[in-house]
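**Student:** model this:
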Amino acid sequence: MTSVQNPQLPSSGSSMQTSIRFSLICAVLILGAGVCAAQAPPRQSVEVEEAFAAALGAYEAEDYAGAFFGFRDVYERDPVHTKTTAAHLMAGKALYRHGDHQAAIDLLHEFIREYSSSRYREEAERVIAAARIGQEHSRVNDSAINLGLALPLSRDELPLTRSIFNGVRLAVENYNSRHEPKIRIVFRDTKNSEAGARSAANALVNEGVSAIVGPLFSDQVHSAARTVEQQQTVMIAPLATDGQITRGRRYVFQVNATLAERGRYTARQAIDYLKLRDIGIMVEAGNPMSEEMARGFEEELAARDLTPTFVYQVGPDSDWIRSPNVISSDSLRAVEGIYLAIHRENELDASRLVGRTVINFRRRGVRPIILGSLAWPSLDLNNYNLSMPIYYTDVYYVNDLSRSVRNFVQKYEVANGGVAPDRLAYVGYDVASMILENLDEGDISRERLLGASLYEGLSIQIQFGDNQRNTEFYFFRHTPNGPQRVR
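**Tutor:** I've put the predicted structure just below:
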């Protein structure tokens, strides 16, 4: 295909190269009414031309999902350019070719409203007519199980959504290659807002999805929760970290770790794996993230009938570094380990802070085991001349030597034009695979998830506790050659 004119429309359903279909609702208001006709001629841009050509290449290669994301990226760019209307039309055609009939209809109706005088209007109307026929065909011949995705298509969040979607898509393709009935991905745009998330959840429930993956952010999960609770539909939040999103709810599940859960897990490893009993805690007063981690750690100690040897509150960075000189010698000699509840947005800053703090412990003549609940991958033991044991917890780990990981990377790169999977692609794959592994006669129940055995994915481990939060992580020890997974 070299032009957006006179498309050869497939008969309904003939575009499907796999059994997967996803439904995208794209209410896109990119320009004010009449902007093309009333303002300056559209601009031409080499970057836009290249992006359009890449999307067209995906379309011609029958990667209609990739083509949709590519064309959307082009037509959302401001100001209006020479490919705006062509990309908008082609996005609708990509949805149609992928079998996403209602999404294609909605997007192309939007196109007609925005560009009523466009030379592509007649073509858009033809695609809409073909999509309506395709809808009727699907109603008669469709037996697929629906898996819902509620993710944002706003420009800033589009890369996140693309990565998660591409990971989910590979998980579904893998499942569909071995099982009947097939899985269909039903996608709804959360518009990166609370109202949009609530609307997306309503739409997915009405589509009869067995489970929903998303939304991404905690406030939007809260907004969508009422719908899924009322309809008793499982919703799994892949990234949200707010510990309140599952509280008082039965059908909302949380994959990403709350800071308190990280603290609890680290305490369990300290007790069960390292066999520690006398542990001190250092926490940064006034830092809610540090305090939450320390609270979780102390709660786990209490659940094991243990109390911390000391809880020392520190202030800013300089206090962390000075603290080994302030804690009494008796307290330091009494502990086997010290939990450093250090939280920094920049892990490099956290690693430096840990290194300088531990140096001062060594200068005091004590060598406790150091524990943490966030990754310190930049901690260079050789640089700080550190030999005391240092352990930390993390939620994410990819073994590049694993055959399963290598196979995933190869398939992902083939499906995405040579682009390697990022962290969110792995998470999307693992969350979707976990759901599909626990399907029960085409449905996913709350009880099934709560009773499921540990899921060991390519990048994350998942096992839900009674509060519907993931309780499984990885435990690492720092070595001169870098972090080494021990649990």
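**Student:** going forward, measure contacts and count neighbours with C-alpha atoms only.
**Tutor:** Will do.
**Student:** buried ones in stretch 222-240?
**Tutor:** 222-228, 232-240 (16 or more other Cα atoms under 10 Å).
**Student:** and residue 444, how many neighbours?
**Tutor:** 20 (other Cα atoms under 10 Å).
**Student:** what's the answer for residue 305, then?
**Tutor:** 8.
**Student:** Could you do the one 3 residues further on as well?
**Tutor:** A count of neighbours around residue 308, defined by other Cα under 10 Å, yields 17.
**Student:** In three-state terms, label it for me.
**Tutor:** coil (DSSP: H, G, I helix; E, B strand; the rest coil).
**Student:** Residue 166 against residue 425, yeah?
**Tutor:** Yes. At 6.3 Å, residue 166 counts as touching residue 425 under the criterion of Cα atoms under 8 Å.
**Student:** beta partners for residue 253?
**Tutor:** residue 236 (DSSP bridges).
**Student:** distance of it from residue 161?
**Tutor:** Per Cα to Cα, to the nearest Å, residue 253 is found 19 Å from residue 161.
**Student:** And the two? Which one has more around it.
**Tutor:** Between residue 253 and residue 161, counted using other Cα under 10 Å, the more crowded position is residue 253 (26 against 23).
**Student:** Excluding chain neighbours, what is closest to residue 160?
**Tutor:** Of all residues beyond its chain neighbours, the one nearest residue 160 is residue 424 (6.9 Å), with distances taken as Cα to Cα, 6 or more residues apart in numbering.
**Student:** helix, strand or coil for the residue of the chain most remote from its centre?
**Tutor:** In the chain, residue 330 marks the outermost C-alpha relative to the chain mean, sitting 45.8 Å out by Cα atoms, centre = their mean. With three-state DSSP as the basis, residue 330 sits in helix.
**Student:** do you know how far it is from residue 319?
**Tutor:** Residue 330 is 20 Å from residue 319, by Cα to Cα.
**Student:** Now do residue 415, the pLDDT please.
**Tutor:** Residue 415 is assigned a predicted lDDT (pLDDT) of 87.
**Student:** show me what contacts it?
**Tutor:** Neighbouring residues of residue 415 by Cα atoms under 8 Å, 6 or more residues apart in numbering: residue 63.
**Student:** Likewise for the one 10 residues further on?
**Tutor:** Contact partners of residue 425, counting by Cα under 8 Å, 6+ apart, are 163, 164, 165, 166, 167, 168.
**Student:** Now do the same contact list for the closest residue to residue 88 other than its chain neighbours.
**Tutor:** Excluding the flanking residues, the one nearest residue 88 by Cα to Cα, 6+ apart is residue 75, at 5.6 Å. Applying Cα under 8 Å, 6+ apart to residue 75 gives the contacts 83, 84, 85, 87, 88.
**Student:** Where does the last one fall, secondary structure wise?
**Tutor:** If you go by DSSP states H and E, residue 88 is part of helix 84-97.
**Student:** Show me the domain layout of the chain.
**Tutor:** 17-142, 145-256+402-455, 260-394 (automatic domain parsing).
**Student:** Ok, which of the ones you listed comes nearest residue 467?
**Tutor:** domain 145-256+402-455 (6.7 Å; Cα to Cα).
**Student:** can you give me the offset of that closest one from its chain's centre?
**Tutor:** 8 Å (Cα atoms, centre = their mean, to the nearest Å).
**Student:** go on, stretch 124-132?
**Tutor:** 34 Å.
**Student:** The buried residues of stretch 222-240: which two are farthest apart?
**Tutor:** 232 and 239 (21.3 Å).
**Student:** What ranges in the stretch 251-400 of the chain fall below the confidence cut-off?
**Tutor:** 383-386 (pLDDT under 70).
**Student:** neighbours of residue 345, just the number please.
**Tutor:** Using other Cα under 10 Å, residue 345 has 7 other residues around it.
**Student:** Return the distance of it relative to residue 157.
**Tutor:** 20 Å.
**Student:** Residue 74 too?
**Tutor:** For residue 74, the distance to residue 157 (Cα to Cα) stands at 15 Å.
**Student:** now residue 399
**Tutor:** Residue 399 is 27 Å from residue 157, by Cα to Cα.
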